[in-house]
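>>> Got a predicted structure plus its sequence, pasted below:
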Amino acid sequence: MEQMVLEINQTEYAFLAEPKWTLLYVLREVLDLTGTKCGCGTGDCGACRVIMDGKAVNSCMVQVRNAVGCRIETIEGLARGTKLHPIQQAFIECGAVQCGFCTPGMIMSAKALLDVNPEPDETEIRQAIAGNLCRCTGYVKIVEAIQLAARRMREGDA
């Protein structure tokens, strides 16, 4: 076990870990940040997606030692008190959540996109969420939610 420090949602967390543990394991099992979901464990479903240094990554594929020194954002870092992030609010309003298992990863993919491209077209949105699998919604409402969030964020209605 080694002492490690991660910056997650603008907060530093110090903990003991095995260097080969995944970031997903540390988030859920060590730090109790359980919003990030474990779907497949092989990087195929996107349920564990977080933002690391501005890029959406599958946390099940990142060894925790490789996350040290990076800025990490998880779903827990989006809301401000009881005020949801505009993407979270849009997902609710558009009915883009059904079982909800893929939702945190989908929202983090959307945020990574909107952070660098505030006016994505539908193709760009679909490319950004291509690594996120949803078995419930068929993606139409998810795309609509991301479009709504983008519009509100541009217009300052967030």
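Sure thing, it's come through.
>>> Residue 106: what secondary structure?
helix (DSSP: H, G, I helix; E, B strand; the rest coil).
>>> residues touching it, list them.
Residue 106 is in contact with 46, 49, 91, 96, 129, 132, 134, 142, counting by Cβ atoms under 8 Å, 6 or more residues apart in numbering. Where C-beta positions appear, they are placed from N, C-alpha and C, glycine not excepted.
>>> nearest to residue 155, of those?
The shortest approach to residue 155 among the contacts of residue 106 belongs to residue 91, at 18.0 Å (Cβ to Cβ).
>>> related to what we said a few turns ago, name the member of the contacts of residue 106 with the most neighbours.
residue 49 (32 neighbours; other Cβ atoms under 10 Å).
>>> what about the spatially most central residue of the chain, distance to residue 16?
Against the mean C-alpha coordinate of the chain, by Cα atoms, centre = their mean, the closest residue is residue 108 at 2.6 Å. As judged by Cβ to Cβ, to the nearest Å, residue 108 and residue 16 stand 26 Å apart.
>>> Nearest residue to the residue nearest to the centre of the chain in space, please, no chain neighbours.
Nearest residue to residue 108 in three dimensions, chain neighbours excluded: residue 49, at 4.6 Å (Cβ to Cβ, 6 or more residues apart in numbering).
>>> That neighbour bridge partners, please.
Here residue 49 shows beta-bridge partners residue 58, assigned using DSSP bridges.
>>> thought it was touching residue 132?
Yes: assessed by Cβ atoms under 8 Å, residue 49 is found in contact with residue 132 at 6.5 Å.
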